[in-house]
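Asks: Below: sequence and its predicted model.
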Amino acid sequence: MAWIELTGVRTHNLRGVDVRIPHGTITAFTGVSGSGKSSLVMDTLHAEAQLRYVEGFDPYVRKFLTPRDRPRVDRVRGLTATLAVDQRNANRNPHSTLGTLTGVDAYLGLVFARLAPLADGGTWTGPLHPAQFDPHTRDGICHTCVGARELVAALPELVVPHPELPVLAGGSDWFAGPLSNEAAYLPSLAAQHGADLTLPWRALPEAFRRAALHGTGGATVPVTLTGTNRKRTGEYTYRADTALTGALAEIEAAYAAAGTDQAKRLYRPFLDRRACPDCAGTGLGPIARTVTRAPTGSSTSGRARARRAAGSSTPARPRGSRTATGRPRRSCGGCAEPGYI
Ligand SMILES: [Zn+2]
């Protein structure tokens, strides 16, 4: 097994620590506050990896980077490139990946756009660009699942799993629970349809059950809500004419709007979920799913191949004749793409 080996670590309060970390496994560092976890992982291991990464740049580029102190360690072996995800980063959503949290996904899109030629059969003849490999963009998203990676549908049998019981007394956790806004209007809807909510769900008029599940189709329901006001000084009565979207649409909309996996979990008992059949759960559009990486040793970039397949004999042109530093771009003999990897 390959290892990352740190010998003689003296960063901050560490006193000559030796540690071996296996590659290809999940390793956790635990300890009381102040025991040196961050000093070892972030200020030594990650800092050393960053320094080695920067040392791979051209000296001209390094002039523009803020120099960092070398961590105090005698020897580091087996170290590969590292990515650090700050635990305080609260900008997470169900579409977050290690790539989006670190920003690496944008670079991966660039790499794929440069290295990926046409798919077998040549269904794409335009230039490839990074957005086509990003499921968060219009060009890169799967239009079947809209990037959600799954197809979800609220089902009547999941919303009312016990139709032999009254809907508010054991028949449905959705209508009887706290998640639904429209559930408060159920007695008003029942009154409009002459439905007795003390009867089993399956015994209620079909028109009422359809409206409760599928909505009123824009038709309004005269609703009356009563309760205690916020200061608990008296009762209030609220009357309005309201159109209902129905439980199925309400659940699906609430699930889509839930920002965290924890919030989405509340709605899953009422939803049928399956991996998107078109993108196989990747959320990616057809171009990213069908192009393949250029064969090793290929001397042609994806763009050049795309142009060739499109019947153009014009070579790929650089985006500009000079780099941002004013230096002339040099065509790379390996990738035939001026100034780009
Ligand atoms: Zn999809």
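Replies: Arrived safely.

Asks: for the helix or strand hosting Leu51, which positions count as buried?
Replies: Secondary structure from DSSP states H and E places Leu51 in helix 47-55. Within helix 47-55, the residues that count as buried by 16 or more other C-beta atoms under 10 Å are Ala47, Glu48, Ala49. Just so you know, the C-beta spots here come from the backbone N, C-alpha and C atoms, and that holds for glycine as well.

Asks: swap in stretch 15-34?
Replies: Neighbour-count burial for stretch 15-34 [16+ other C-beta under 10 Å]: Val17, Val19, Ile21.

Asks: Likewise for stretch 182-199?
Replies: Applying 16+ other C-beta under 10 Å to stretch 182-199 flags Glu182, Ala183, Tyr185, Leu186, Ser188, Leu189, Ala190, Ala191, Gln192, His193, Ala195, Leu197 as buried.

Asks: could I get those as CSV with pLDDT, secondary structure and distance to Val152?
Replies: Formatted as CSV, the buried residues of stretch 182-199 follow (pLDDT from 0 to 100; DSSP: H, G, I helix; E, B strand; the rest coil; distance: C-beta to C-beta, whole Å):
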residue, pLDDT, secondary structure, distance to Val152
Glu182, 92, helix, 19
Ala183, 91, helix, 20
Tyr185, 92, helix, 24
Leu186, 94, helix, 23
Ser188, 93, helix, 29
Leu189, 94, helix, 25
Ala190, 95, helix, 28
Ala191, 93, helix, 32
Gln192, 93, helix, 30
His193, 94, helix, 29
Ala195, 95, coil, 29
Leu197, 96, coil, 28
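
Asks: nearest to the ion, of those?
Replies: Glu182 (29.0 Å; C-beta to the ion).

Asks: Check whether that closest one really touches Ala243, as I assumed.
Replies: No: checked against C-beta atoms under 8 Å, the pair Glu182 and Ala243 is beyond contact range at 10.2 Å.

Asks: For these two, list the residues in contact with both.
Replies: When C-beta atoms under 8 Å, 6 or more residues apart in numbering defines a contact, no residue borders Glu182 and Ala243 alike.

Asks: mind checking the end-to-end distance for stretch 180-187?
Replies: 14 Å (C-alpha to C-alpha, to the nearest Å).

Asks: Next, Thr224: secondary structure please.
Replies: strand (DSSP: H, G, I helix; E, B strand; the rest coil).

Asks: Show the contacting residues for it.
Replies: Ser188, Thr237, Tyr238, Arg239.

Asks: Around the ion, which positions in this structure sit nearby?
Replies: Cys142, Thr144, Cys145, Cys276, Asp278, Cys279 (C-beta under 5 Å from the ion).

Asks: Name the nearest residue to the third one, sequence neighbours excluded.
Replies: This means Cys145. Cys276 (3.7 Å; C-beta to C-beta, 6 or more residues apart in numbering).

Asks: One more: Arg68?
Replies: Nearest one to Arg68, counting by C-beta to C-beta, 6+ apart, is Leu51 at 6.1 Å.

Asks: could you flag which of the residues of the chain next to the ion are buried?
Replies: Cys142, Cys145, Cys276, Asp278, Cys279.

Asks: Give me the residues contacting the helix holding Leu51.
Replies: Thr11, Arg62, Leu65, Arg68, Arg70, Pro71, Val73, Val76, Leu79, Thr80, Ala81, Thr82.

Asks: what about the strands in this protein?
Replies: Taking DSSP state E as the criterion, the chain contains strands spanning 3-9, 17-22, 75-77, 150-154, 220-228, 235-243, 271-275.

Asks: need the ones you listed in JSON lines with mean pLDDT, can you?
Replies: Output for these, formatted as JSON lines (pLDDT from 0 to 100):
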{"stretch": "strand 3-9", "mean pLDDT": "96"}
{"stretch": "strand 17-22", "mean pLDDT": "95"}
{"stretch": "strand 75-77", "mean pLDDT": "94"}
{"stretch": "strand 150-154", "mean pLDDT": "93"}
{"stretch": "strand 220-228", "mean pLDDT": "85"}
{"stretch": "strand 235-243", "mean pLDDT": "86"}
{"stretch": "strand 271-275", "mean pLDDT": "93"}
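
Asks: In a markdown table: those, plus distance to Ile287.
Replies: Formatted as a markdown table, the strands of the chain follow (distance: least, C-beta to C-beta, whole Å):
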| stretch | distance to Ile287 |
| --- | --- |
| strand 3-9 | 37 |
| strand 17-22 | 38 |
| strand 75-77 | 41 |
| strand 150-154 | 21 |
| strand 220-228 | 46 |
| strand 235-243 | 41 |
| strand 271-275 | 20 |
